[in-house]
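In: Structure for the following, please:
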Amino acid sequence: MIRLLPLLFVLPIFAQAQNSNELLVGSLTYHLYGMESSEFANKLNPSGDFIANPMIGFRQTTFDATNSYESWAAFGGENSIGDGMLGAAMSAGIGDKTLRLGLIAGTYLQNNSQFYDKGLTMVGAPVSSTMELTPLLGFEFVYNIDLTPRTYFTINQILSPWLYTAAVGIGWRL
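Out: Numbering: from 1, shown residues only. Here you go, the predicted structure:
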C-alpha cells in the first residue's frame, strides 16, 4: 500500500489550470465514539482516541462564479491502527479562497481484517479476503492562510459521525 504513495507526486502533472492545487501532509484524528482506542497507533492523549496519522495527499479545487466549489483528492498513509491505506474523495460546497464549507464523500482501501483481529468493528465493502473499501462521508471545513498572492497554508478538516480529522498542507493558485 505505502509503495503506491509516490504516485501522488505524479498527479499534479495532470492537474487542470483552473483554480488551486494542494499538497497535504500529516493528519490529526479524534475518534468521537464507537471504537476501542487502546488498539490505536500514534496516540496523542492518555485515552488514545486522539492520534496522529502519517499521510500525504493531493487535492485540486475548482470554483465557479457563484462561489461554489468542487474538489477531488487522492491520499495515502496510515490508518488508526498504523496500517497502510489509500483513498480518494470528492467534495462540493460554498466558499472563497480563504474559507470553504461543504460535503465530502469518498472511500479508502485498507486491510480491515487487522481491525477485526484486534476486536474493532469496521464498516466496509469487501474487495478481497482481507481488503475492504471503507466509506468516507461528512462535512468539510477548509481554512487557507495566504503566504504569497499565489501560495497558501491550508488546514483541511473533516467531521463525520465517527471522527474529526484535520490535515495541513501547502496550496498554490493557478
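
In: Where is the longest strand in the chain?
Out: Among the elements of type strand in the chain, defined by DSSP state E, the one spanning the most residues is strand 131-146.

In: Residues touching it, excluding its own?
Out: Residues external to strand 131-146 that are found in contact with it (Cβ atoms under 8 Å, 6 or more residues apart in numbering): 85, 87, 89, 91, 93, 95, 97-112, 122-127, 152-161, 171. Quick note: C-beta positions are derived from backbone N, CA and C, even for glycine.

In: go with 6 Å
Out: Residues outside strand 131-146 that contact it (Cβ atoms under 6 Å, 6 or more residues apart in numbering): 89, 91, 98, 100-102, 104-112, 124-127, 152-160.

In: Give me the nearest residue to residue 171, chain neighbours excluded.
Out: Closest residue to residue 171 apart from its sequence neighbours, by Cβ to Cβ, 6 or more residues apart in numbering: residue 22 at 3.9 Å.

In: ok, what's across the strand from the one you found?
Out: Judged by DSSP bridges, the bridge partners of residue 22 are residue 59, residue 171.

In: where along the chain do the strands fall?
Out: Taking DSSP E as the criterion, the chain contains strands spanning 20-31, 50-63, 68-78, 84-95, 99-111, 125-126, 131-146, 151-159, 163-173.

In: Just the CA trace of the fourth one, in PDB.
Out: Read it as strand 84-95. Taking only C-alpha atoms (Å, rounded to 0.1, in the frame of the first residue of the first chain), the coordinates of strand 84-95 have been written out as PDB:
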ATOM      1  CA  GLY A  84      -1.500   1.400   5.300                       C
ATOM      2  CA  MET A  85      -4.400   2.900   3.400                       C
ATOM      3  CA  LEU A  86      -5.000   4.500   0.100                       C
ATOM      4  CA  GLY A  87      -8.100   6.600  -0.900                       C
ATOM      5  CA  ALA A  88      -9.900   9.200  -2.900                       C
ATOM      6  CA  ALA A  89     -12.700  11.700  -2.200                       C
ATOM      7  CA  MET A  90     -14.800  14.400  -3.900                       C
ATOM      8  CA  SER A  91     -16.300  17.400  -2.200                       C
ATOM      9  CA  ALA A  92     -18.600  20.300  -3.100                       C
ATOM     10  CA  GLY A  93     -19.800  23.300  -1.300                       C
ATOM     11  CA  ILE A  94     -19.600  27.100  -1.000                       C
ATOM     12  CA  GLY A  95     -16.600  29.300  -0.200                       C
END
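
In: any idea how far the residue of the chain most remote from its centre lies from residue 19?
Out: Ranked by distance from the centre of the chain (Cα atoms, centre = their mean), the top residue is residue 65, with 26.5 Å. In this view, residue 65 and residue 19 are 12 Å apart by Cβ to Cβ, to the nearest Å.
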